[in-house]
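Participant: Requesting a structural model of the entry that follows:
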Amino acid sequence: MRTRSGRVLILLACAAPALAAPARAQAPTCSYRGAPSALSERPSPLDSVLVRLGDAQAKLCYGRPAAGPEAQVGGTLPFGSPWQLGANEPTTLHLPFPASVGGVDVAAGSYTLYAIPESSQWTIVVNGNPNRWGVPIGAEVRAADLGSFRATPTRLPQHVDRLTFHFEPSGPDAGALVFEWERTRVNIPISRR
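Facilitator: Numbers count the residues shown, from 1 in each chain. Purely as a prediction, here's the structure:
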């Protein structure tokens, strides 16, 4: 553009700096005991499942035992006894947001899950102490229980040798952690509050 005096005036359009998108909290890493090099030697490998609810991710960390030739749930792991839903360290759910786990409301934080399986109904317990070993689950561990809920197991059509969890969303802020082992499947509902 020219001014009255004939000078050329150059206008520069300066864009405001782009606002950075809010950083998404990274799902925590799974904690374990022992040397990192020893992880590959464990008979029950450490694994995890990411749980996306809305714009955030939760993470479930667990050990994956193999069933072997003998029945585990209802056999080696007797019905009516608390069991850690995995191997080695406790099965731990890391939540960066308040959530409901099977109807048990919890704040953002880390929680362990364990089960008391029966042939037709399982009790899933949400525990507030993630800083422990997975077994035994005695009075000291149970003193940190925050609540529990019932889950009905369903029979799988095929045998699953290596214990596994996966996440099945049912909406933007809800879904289920799905436990599968041997011929048993159990859904653990989870939703963001």
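Participant: Tell me, please, where in this protein the pLDDT is lower than the cut-off.
Facilitator: 1-27 (pLDDT under 70).
Participant: Which strand or helix spans residue 92?
Facilitator: In this structure, residue 92 is located in strand 91-95 according to DSSP states H and E.
Participant: send the alpha carbons of that strand over as PDB?
Facilitator: Listed in PDB are the C-alpha atoms of strand 91-95, where the atom choice follows Å, rounded to 0.1, in the frame of the first residue of the first chain:
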ATOM      1  CA  THR A  91      -2.700 -56.600  38.800                       C
ATOM      2  CA  THR A  92      -2.600 -52.800  38.900                       C
ATOM      3  CA  LEU A  93      -4.900 -50.300  37.300                       C
ATOM      4  CA  HIS A  94      -3.300 -46.800  36.800                       C
ATOM      5  CA  LEU A  95      -6.000 -44.100  36.400                       C
END
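Participant: okay, which residue is most central for this structure?
Facilitator: For the chain, residue 60 is the residue whose C-alpha lies nearest the centre (CA atoms, centre = their mean; 2.1 Å).
Participant: who does the strand holding residue 92 touch, helix- and strand-wise?
Facilitator: Strand 91-95 makes packing contacts with strand 56-63, strand 109-117 when contacts are defined by 3 or more CB pairs under 8 Å, 6 or more residues apart in numbering; DSSP states H and E. Just so you know, the C-beta spots here come from the backbone N, C-alpha and C atoms, and that holds for glycine as well.
Participant: one more time with 10 Å, if that's ok
Facilitator: Applying 3 or more CB pairs under 10 Å, 6 or more residues apart in numbering; DSSP states H and E, one finds that strand 91-95 makes contact with strand 46-53, strand 56-63, strand 99-101, strand 109-117, strand 122-127, strand 174-192.
Participant: Relative to it, what are the paired strands and their orientations?
Facilitator: With DSSP bridges as the criterion, the sheet partners recorded for strand 91-95 are strand 56-63 (antiparallel), strand 109-117 (antiparallel).
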